[in-house]
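1. requesting a structural model of the entry that follows:
(2 chains)
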Protein chains: 2
Amino acid sequence: MSEPASGTRRGSLLIIGGGEDREDDMQVLERFVALCGGPDKRIVVLTAASRVPEKMWAIYDCAFGGMGVARRSELRVASRLEANDAAMAADLAQADGVFITGGDQKRLLALIGGTRLDEALHAALARGACIAGTSAGASAMSAHMLADGKAELHPEKGAVSLGAGIGFVQRVVIDQHFSQRQRLARLLTVVAQNPYLLGVGIDEDTALLIEAGGGIEILGAGAVTVIDGRHMVSNVADIRNRSVPEMVDVRLHLLPSGSRYGARGDGATPAALADFIHIVTNIN
Amino acid sequence: MSEPASGTRRGSLLIIGGGEDREDDMQVLERFVALCGGPDKRIVVLTAASRVPEKMWAIYDCAFGGMGVARRSELRVASRLEANDAAMAADLAQADGVFITGGDQKRLLALIGGTRLDEALHAALARGACIAGTSAGASAMSAHMLADGKAELHPEKGAVSLGAGIGFVQRVVIDQHFSQRQRLARLLTVVAQNPYLLGVGIDEDTALLIEAGGGIEILGAGAVTVIDGRHMVSNVADIRNRSVPEMVDVRLHLLPSGSRYGARGDGATPAALADFIHIVTNIN
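-> You can find the predicted model right below:
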């Protein structure tokens, strides 16, 4: 295999919309193990997003154990002090794969943001490990992280707030449990106020795979919805808080499971998607 | 007032997403009465979509009575024979406004489609009457009518079927109770299979007003969502029934209450909306 071009990321990102199957076909988790290099590789489960890490670990200990992953371990983080511990970062330096569980993405970032552990995660991705995150672990992957808020029927100015995520991907904001929790209005709210960001909504038991080689793939049970507001005409700057903004010319892409798209210049990728793929596959 | 240009419609269409307020502010119904020319005008309520026309009439009898509309009457249609009755058509010839109630749009069209009554509705619009329709009465207004089916989480090939509506507007398909019943997936299903049609989703207690003069306005409590799939890249032709189609580059417009847009060439109307406005304001 040739060396990756300068500026490319060597590891893959698997961004999972929560609720991935952990007992039956386990399509998404099986893919994660394959991306790590197979069941003989070393997998670390980061449970810091959850207030019940022992329960989270029990679930994935069982699931990965059932797939024959012998070298699996939990990385439990109770404080920023721990997240700055050199031994913890060393744990990650040995990992072929990191799985970030659900919980609360604000808790996760409050614990690990800017620590040695955070740096070690970036280093792991750069050297070729696969990083997966589900639910809160998915939201945490982008630089601009959906932190709080909801919009039930319509987008609502001021209803959603962002925070700083781990930043494996830039210029997107990720939401999960997307179709199941009817979160389009919430994602449109983010895009209305932040047209610089592309909205990415990932369904339950579904993953967006951003491959080391530069393409993307959708796998699992559902679909991924991409919202592109860069061409949008909107009055959001002029309306009051909690009002519904006008949003004209929002581009929506529905990408069902099984879809694969190559990097920019790949003739099989629709032109309207090429820029999204370039953005998410670009190094950060 | 000058004569309308040749090829323009003289009456207005008020397309209501169901659940319009009938007791408190009655914003949508008040606007209907104003569009008819005020409470001294003659208003006919067409209850044919409903299996309980007497209940429908009681509701609107009370609402329009409360607004001081003295010359209000029900047009009840029990059969196609009645809908072909010359006296019924004559009733409509005197109306300044026609209000088409909810119920089932398939029932409405089965009773009146192609009859003298149908012709009289078109004649009423052409000579300047305001035609309003709510819920089933809204869906019935387009030439291609959403007839049956649902898609819960995602668009699904083959999940929705169309029928022939009254045809006041061409090249659109209208859905109602749109945000409240989370019908985006259903509307995307129609557009995936019929990219020629623009999808129009109207919220409850909300109306799309297509003005005689050539512009549109959104009024009431919610918003109108327009789905334009004409630029879409999709695999819908190639996938099996009940599968989720790929839909790349769907254009979405969210138009909140209070929005007004002029006809084509109006500089204040976003370019991406101009074509939609031209289509719905064009004579049919």
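2. how about the residues of the stretch 51-200 of chain A near chain B?
-> By the rule Cβ under 8 Å from any Cβ of the partner chain, the part of the stretch 51-200 of chain A lying against chain B is A:153-155, A:179-180, A:182, A:184-185, A:188. In this view, the C-beta of every residue, glycine as well, is placed from N, C-alpha and C.
3. filter these down to just the ones in helices.
-> Counted as lying in helices by DSSP state H, out of those, are A:184-185, A:188.
4. ranking those by neighbours, who comes first?
-> Neighbours here mean other Cβ atoms under 10 Å in any protein chain shown. Within these, the largest count is held by A:L188, at 27 neighbours.
5. the nearest residue to that one once chain neighbours are set aside: how many residues sit nearby?
-> Among residues not flanking A:L188 along the chain, A:P155 sits closest, at 4.1 Å (Cβ to Cβ, 6 or more residues apart in numbering or on different chains). Residues contacting A:P155 under the criterion other Cβ under 10 Å number 28.
6. what of A:L153?
-> 17.
7. check A:I174 too.
-> By other Cβ under 10 Å, the burial measure for A:I174, its neighbour count, is 28.
8. what ranges does the stretch 151-284 of chain A have for its strands?
-> For the stretch 151-284 of chain A, applying DSSP state E, counting those that start in this stretch gives strands covering A:160-164, A:172-175, A:198-202, A:206-210, A:216-220, A:223-228, A:233-234, A:247-256, A:260-261.
9. could the ones you listed go into a markdown table alongside distance to B:Q193 and mean pLDDT?
-> Formatted as a markdown table, those follow (distance: least, Cβ to Cβ, whole Å; pLDDT from 0 to 100):
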| stretch | distance to B:Q193 | mean pLDDT |
| --- | --- | --- |
| strand A:160-164 | 33 | 96 |
| strand A:172-175 | 27 | 98 |
| strand A:198-202 | 22 | 98 |
| strand A:206-210 | 23 | 98 |
| strand A:216-220 | 21 | 97 |
| strand A:223-228 | 17 | 98 |
| strand A:233-234 | 28 | 96 |
| strand A:247-256 | 14 | 98 |
| strand A:260-261 | 23 | 94 |
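10. out of the ones you listed, which is closest to B:V77?
-> Distance to B:V77, taken as Cβ to Cβ, is lowest for strand A:247-256 among those, at 39.3 Å.
11. that closest one - contacts with which helices or strands?
-> The contact analysis (3 or more Cβ pairs under 8 Å, 6 or more residues apart in numbering or on different chains; DSSP states H and E) places strand A:247-256 against helix A:184-193, strand A:223-228, strand A:233-234, helix A:271-281, strand B:247-256, helix B:271-281.
12. columns distance to A:G65 on top of the ones you listed, output as JSON lines?
-> Formatted as JSON lines, the helices and strands packed on strand A:247-256 follow (distance: least, Cβ to Cβ, whole Å):
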{"stretch": "helix A:184-193", "distance to A:G65": "35"}
{"stretch": "strand A:223-228", "distance to A:G65": "29"}
{"stretch": "strand A:233-234", "distance to A:G65": "50"}
{"stretch": "helix A:271-281", "distance to A:G65": "32"}
{"stretch": "strand B:247-256", "distance to A:G65": "39"}
{"stretch": "helix B:271-281", "distance to A:G65": "53"}
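13. for A:E119, find the nearest of these.
-> Shortest distance between A:E119 and the helices and strands packed on strand A:247-256, using Cβ to Cβ, is found for helix A:271-281: 21.6 Å.
14. next, the buried residues of that closest one.
-> Within helix A:271-281, the residues scored as buried using 16 or more other Cβ atoms under 10 Å in any protein chain shown are A:272-274, A:276-277, A:280-281.
15. and which of those is nearest chain B?
-> A:A272 (3.7 Å; Cβ to the nearest Cβ).
16. how about low-confidence regions in chain A?
-> Regions of chain A meeting the criterion pLDDT under 70 cover residues A:1-9, A:264-267, A:283-284.
17. residues contacting the spatially most central residue of chain A?
-> Residue closest to the mean C-alpha point of chain A, counted by Cα atoms, centre = their mean, is A:A138 at 3.2 Å. Taking Cβ atoms under 8 Å, 6 or more residues apart in numbering or on different chains, we find A:A138 in contact with A:15-18, A:174, A:176, A:202.
18. count the neighbours of the residue in the stretch 1-150 of chain A positioned nearest to chain B for me.
-> Going by Cβ to the nearest Cβ, chain B is nearest to A:G17 of the stretch 1-150 of chain A, at 11.8 Å. Look at A:G17: counted by other Cβ under 10 Å, it has 33 neighbours.
19. contacts only, for the closest residue to it other than its chain neighbours.
-> Closest residue to A:G17 apart from its sequence neighbours, by Cβ to Cβ, 6+ apart: A:I202 at 3.3 Å. Applying Cβ under 8 Å, 6+ apart, we find A:I202 in contact with A:15-17, A:138, A:174-176, A:178, A:208, A:222, A:224.
20. write down the beta-bridge partners of A:I202, one by one.
-> A:V224 (DSSP bridges).
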